Structures are given as C-alpha cells and as structure tokens.
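[1] for reference, the sequence and a predicted model appear below.
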Amino acid sequence: MLNELLLKEDTIVAISTALKNAPIGIIRISGNKAFNIISKIFKPKNNKKIDFNKGYRIYYGYIIDDNEKVIDEVLISIFKSPYSYTGEDMVEISAHGNMIILNKIVELIKSKGARLAKGGEFSLRAVLNSKMDLTKAFAIKEIIEANTEKQLEIAFTNLNGKLSNKINEIKDKLSYWIPWIEALIDFPEEDIPPIDYNLLIQDLINIKKDIIKILQNYERLRIYKDGIDTVIIGKPNVGKSTFFNYLYGQERVITSEIPGTTRDIISEYINFNGFLLKIYDTAGFRKTQDKIEEIGIKKALQLIKNAKLVFFLTEIDSIDQNDKELLKNLNQNQYLISIINKIDKIEKEKLDESINNNKVLIKNILNDLGFKNYRIIFVSLKEQLNLEQINQALNDFFENDQNLEDNFYITDNFQKELLEDILNYIDKAIIEYQDNNPVELVLVNLRIALEKILNLLGVNLTEFVIDNMLNRFCIGK
C-alpha cells in the first residue's frame with residue numbers, strides 16, 4: 001500500500017462533505033490529472049475559457065456526461081500546485097448536495113482516470129508535499145471531530161504550530177548531539193572537540209520533562225474528548241430525571257411519581273460552556289424486591305465510584321438516614337454538588353428558616369463523611385428557582401479542577417504511543433551513560449528516539465505511520 005500511496009501520477013477523488021443529502025456538496029480532485037479530468041467533464045457558462053495556469057480561480061458552469069447531458073449546475077475552484085491543500089493540482093466542485101448527483105459526478109471523474117481516495121489521503125499528500133507536518137494533519141482531524149469549543153481551541157492551537165514547534169525543538173536538540181557523538185566514534189584520530197556530557201544529559205533530562213508534561217496533558221485532555229463522567233444520584237422521586245432533562249434541555253426519560261420508574265441507567269453527552277459532560281441518570285436507591293430495579297441500582301453504584309463529578313439530589317425537609325447511606329457510596333475526592341429540591345413546597349414565610357436548618361443538616365452529614373469539595377444549592381426544578389446557582393457551581397468545578405496549563409497538547413493515541421516510545425529511549429540513553437556503559441549504547445538509543453520523532457512529525461513516513469493516519473481520518477480529508 002505504501003508504494004501505491006506514494007505514486008505522484010495517481011489522481012484521487014472523493015466527496016469531502018458529509019455523506020448525506022444537503023444543500024451543498026463538495027467533491028475534491030487532487031493529482032497531476034486533475035485539470036485534464038475537469039476539462040473533459042466541465043462546461044463553463046458562456047463557454048468562458050478556464051486558465052489552468054492561474055490558481056485561486058472560481059468558474060460557474062455545468063458538469064456534463066459523455067453524452068453532453070447536464071448532471072448538475074456547479075462552481076469549480078482551481079488550485080494550482082504547489083498552492084493547494086495537498087500541494088498538487090486540485091479542483092473542488094461545489095455541487096447540489098444530493099447524494100445521487102454527487103456519486104454520479106464521482107463515478108464520472110473515476111471513469112476519466114482518477115481513483116477513489118482512501119480516508120485521510122488528501123491530508124497524507126499534504127504531509128508528503130511538506131504543506132504541513134503530521135501534528136497539523138491530526139489537528140485538522142480534531143477540528144472536524146470536535147464536539148465543544150474547548151476541543152476546537154486546543155485543535156487550533158496545534159494547527160497554528162505550537163505542538164509542532166515543541167517537537168521540532170526536541171528534534172533539533174537530538175540532531176545537534178547525535179552527529180557529534182558519531183563523529184567522535186567514527187573519527188577518533190580527527191581533532192574533534194570533546195563533548196561535555198553533563199550538558200548532553202541535562203538536555204536529555206529537559207527533553208524528558210517536556211515529553212512527560214505533554215503526556216500528562218494528554219491524560220487530562222481526554223475529558224475534553226471523552227467527556228467528564230458525571231452521575232445524578234438520589235432517593236427515588238426527588239427530581240433526578242427532571243434535573244437530567246433540565247441539563248439536557250429536552251424530555252429524555254420518563255418522570256413519574258412512582259418510586260423506581262427510572263430503572264435503566266440513562267446517559268447523554270451534554271456540552272456545558274465548552275466542556276463535555278457524560279451524564280448518567282441513575283435508578284433511585286431503596287431496598288427493593290424487584291430484580292430489574294436491583295440490577296439498575298448495582299450498575300449505578302459502580303458508576304458512582306468511577307465518576308469525577310456527582311450531582312446529589314434530595315428534597316427539602318426530607319433529608320434522612322437514607323441520604324447519608326447513599327452518600328457513603330461516594331469517595332471524598334469527587335466533586336459533589338448537593339441540590340436540595342422542591343423549595344416551592346415550603347411556605348414563603350418559613351422558607352429561610354427551612355433552608356438554614358437543611359443546610360446545617362446536609363453540611364453535618366457531608367463533613368462527617370469527610371467531604372471537602374462540595375456545594376449546596378437550594379432549588380425548585382419545577383418552578384425553575386435558583387437554577388443559575390447550578391451553572392455557577394459547574395463553572396467553579398471546571399475552573400478549579402481543569403486548569404490545564406497553557407502548554408502543548410497531543411490528541412490522538414497514535415501520538416501518545418510514539419511519545420511514550422521516545423521517552424523510553426531517551427531514558428535508556430541517560431541510564432546507559434550513568435551506568436558508565438560505552439557511548440555507542442547512548443548513541444543507539446538517541447538514534448531510535450530521533451527516528452520516532454521524525455515519525456511523529458511525518459518526516460519519516462513508514463508503513464506504520466501511514467496506516468495509523470489512514471485508519472483515523474475520514475474519506476475526503
């Protein structure tokens with residue numbers, strides 16, 4: 001497959017927009033036959049001549065088949081090598097987004113000498129033609145797949161070259177030391193200045209620190225992609241499903257006055273201020289003889305232990321030992337937002353006193369159980385009272401817990417594995433030197449680390465790198 005993908009005379013085509021009917025669909029053609037192919041199937045309006053010597057030109061006209069029958073009315077954009085996304089001659093056809101039309105055009109282009117592109121092949125060609133490195137190609141993938149503004153922000157940081165610059169800085173450091181060590185080993189008779197190995201080791205230690213920081217950021221960054229595991233817990237009929245619907249913004253589960261109605265664990269992804277919450281609405285907790293409800297409770301207990309953020313719901317003037325028993329299932333490191341619901345049921349003149357009494361009661365329970373990271377909020381979900389305090393509590397959670405350094409981010413497991421390999425070989429090089437082993441062993445590990453860095457940047461496109469890229473990108477990108 002590697003040789004096939006590296007063939008420069010190969011022209012590729014694909015639909016670049018979503019594969020479903022839409023107002024507009026875009027088809028990309030890239031390769032040295034792109035202009036020849038479009039000249040055979042495109043008829044400009046008013047027979048205006050296309051100047052293929054000038055890029056960045058848009059023409060209006062018709063795609064026609066071999067029988068001169070019009071397939072669609074389109075705009076075509078001409079990009080002349082090397083000033084295109086792939087670095088090759090490129091054409092983008094903006095057509096009506098009906099899939100029948102788009103597929104007809106693709107089949108017509110294939111009949112004129114192009115082949116269907118593989119997933120990620122346009123971006124691969126951009127890397128091959130030095131239009132971008134692999135870190136930027138993965139950034140484009142993340143931009144396409146982002147679910148929240150925070151994910152977009154991180155992806156654009158990489159597209160702008162921040163990660164690329166840091167990886168190139170590491171590459172340059174190794175490229176400085178490796179030839180020097182090689183020269184001392186291969187030409188001992190030459191008057192080559194000796195290496196200050198203390199400076200070399202310090203450089204390697206600094207590289208280690210940089211890589212460790214990037215890997216740590218990756219682990220913390222996963223919450224932006226995978227979502228923060230969040231559970232909603234409470235006794236039956238305290239408003240958990242109503243609260244879930246409030247967060248989600250629409251009816252999602254049945255709400256009922258019958259205890260135990262929510263027997264299954266319902267989950268949804270919710271975008272909150274750029275952060276992705278994976279919220280589980282759990283079954284109400286109580287002693288039950290119902291086997292199905294009991295299964296739901298057991299599943300919920302397991303989720304509770306793994307969640308990072310917990311919404312605990314109870315009802316004002318109804319806090320009891322059952323609430324305390326439920327809270328015992330949590331761990332003290334979780335961020336807990338306690339929501340005391342149904343304040344609308346309390347008479348106005350008694351509300352302040354009731355809130356104070358309930359706040360003391362729930363505080364005592366939480367403090368007795370060792371909780372430190374918690375908020376207590378009194379609301380009426382039914383009447384939508386004090387709901388803005390829930391948003392503020394969530395904001396506080398994100399600010400306190402997700403304060404990612406303004407640093408360097410990787411977003412794909414492929415990049416993570418390569419960086420872990422690089423870290424491993426840098427570490428081995430340091431150990432070989434500290435154990436007074438021959439400098440050749442230091443050199444071997446540094447060479448492998450450099451090779452892995454080149455893989456990370458896409459400078460050294462091995463079968464492994466290409467397979468990972470094509471398996472992760474969608475067709476047309």
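    It's in. Numbers count the residues shown, from 1 in each chain.
[2] and I355, how many neighbours?
    16 (other C-beta atoms under 10 Å). For the C-beta atoms, the positions are set from N, CA and C on the backbone; glycine is no exception.
[3] so which helix or strand takes in it?
    For I355, the host element (DSSP states H and E) is helix 348-368.
[4] could you list every helix and strand in contact with that helix?
    Judged by 3 or more C-beta pairs under 8 Å, 6 or more residues apart in numbering; DSSP states H and E, helix 348-368 is in contact with helix 321-327, strand 335-341, strand 374-378.
[5] pLDDT value on D264, please?
    pLDDT for D264: 55.
[6] and what about the residue most central in space within the chain, helix, strand or coil?
    Centroid check for the chain by C-alpha atoms, centre = their mean gives K225 as the closest residue, at 4.1 Å. Put simply, K225 is helix when judged by DSSP: H, G, I helix; E, B strand; the rest coil.
[7] residue contacts, L75?
    Contacts for L75 were tallied using C-beta atoms under 8 Å, 6 or more residues apart in numbering; they are I58, Y59, Y60, I93, S94.
[8] can these go into CSV with extra columns for pLDDT and secondary structure?
    As requested, these are exported to CSV (pLDDT from 0 to 100; DSSP: H, G, I helix; E, B strand; the rest coil):
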residue, pLDDT, secondary structure
I58, 96, strand
Y59, 96, strand
Y60, 97, strand
I93, 98, strand
S94, 98, strand
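[9] quick one: closest of the helices and strands packed on helix 348-368 to L215.
    strand 335-341 (24.2 Å; C-beta to C-beta).
[10] can you tell me the SS state at the residue of the chain most remote from its centre?
    Ranked by distance from the centre of the chain (C-alpha atoms, centre = their mean), the top residue is E189, with 53.2 Å. Following three-state DSSP, E189 is assigned to coil.
[11] looking at the helices and strands packed on helix 348-368, which is closest to D210?
    Closest to D210 of these, according to C-beta to C-beta: strand 335-341, at 30.0 Å.
[12] quick check: domain ranges of this protein?
    Following automatic domain parsing, one finds the domains of the chain at 2-132, 142-222+412-457, 227-401.
[13] any idea which of those scores lowest on pLDDT?
    domain 227-401 (a mean of 79).
[14] circling back: reformat the helices and strands packed on helix 348-368 as TSV; add mean neighbour count and distance to I195.
    Output for the helices and strands packed on helix 348-368, formatted as TSV (neighbours: other C-beta atoms under 10 Å; distance: least, C-beta to C-beta, whole Å):
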stretch	mean neighbour count	distance to I195
helix 321-327	16	61
strand 335-341	24	50
strand 374-378	19	56
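[15] looking at the ones you listed, which is nearest to I101?
    Per C-beta to C-beta, nearest to I101 of those: strand 335-341, 50.7 Å.
[16] break down the stretch 201-350 of the chain into its strands, ranges please.
    In the stretch 201-350 of the chain, the strands defined using DSSP state E, counting those that start in this stretch lie at 228-234, 266-272, 275-281, 309-315, 335-341.
[17] mind listing what the second one pairs with, with the direction of each?
    Just to be clear, that refers to strand 266-272. With DSSP bridges as the test, strand 266-272 is paired with strand 275-281 (antiparallel).
[18] over to the first one?
    Its sheet considered, strand 228-234 pairs with strand 275-281 (parallel), strand 309-315 (parallel) by DSSP bridges.
[19] deepest-packed of those, please.
    A comparison of these by mean neighbour count, using mean count of other C-beta atoms under 10 Å, puts strand 309-315 on top with a mean of 24.
[20] just the CA atoms of that strand, as PDB, please.
    Output of strand 309-315 as PDB, limited to C-alpha atoms (Å, rounded to 0.1, in the frame of the first residue of the first chain):
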ATOM      1  CA  LEU A 309     -18.500  14.800  39.200                       C
ATOM      2  CA  VAL A 310     -21.600  13.900  41.200                       C
ATOM      3  CA  PHE A 311     -25.000  15.700  41.500                       C
ATOM      4  CA  PHE A 312     -26.700  14.600  44.700                       C
ATOM      5  CA  LEU A 313     -30.400  15.400  44.800                       C
ATOM      6  CA  THR A 314     -32.700  15.300  47.800                       C
ATOM      7  CA  GLU A 315     -35.900  17.000  48.900                       C
END
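[21] the strands paired with strand 228-234 into a markdown table, with extra columns for distance to K324?
    Compiled in a markdown table, these are given as follows (distance: least, C-beta to C-beta, whole Å):
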| stretch | distance to K324 |
| --- | --- |
| strand 275-281 | 22 |
| strand 309-315 | 10 |
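[22] A117: which of those strands is closest?
    Among those, strand 275-281 comes nearest to A117, with 30.4 Å by C-beta to C-beta.
[23] ok, and the most crowded of the contacts of L75?
    I93 leads those on contacts (other C-beta under 10 Å) with 25 neighbours.
[24] what residues does that residue make contact with?
    I93 neighbours (C-beta under 8 Å, 6+ apart): I26, I27, R28, I29, I38, I63, V74, L75, I76, I105.
[25] I'd say L174 and K452 touch.
    No - counting by C-beta atoms under 8 Å, L174 sits too far from K452 to count as a contact (10.2 Å).
[26] next SSE after the helix or strand encompassing I29?
    For I29, the host element (DSSP H and E) is strand 22-30. Scanning forward in sequence from strand 22-30 by DSSP H and E, the next helix or strand is helix 34-41.
[27] what are the buried residues along that following helix?
    Residues A34, F35, I37, I38, I41 are the ones in helix 34-41 that count as buried (16 or more other C-beta atoms under 10 Å).
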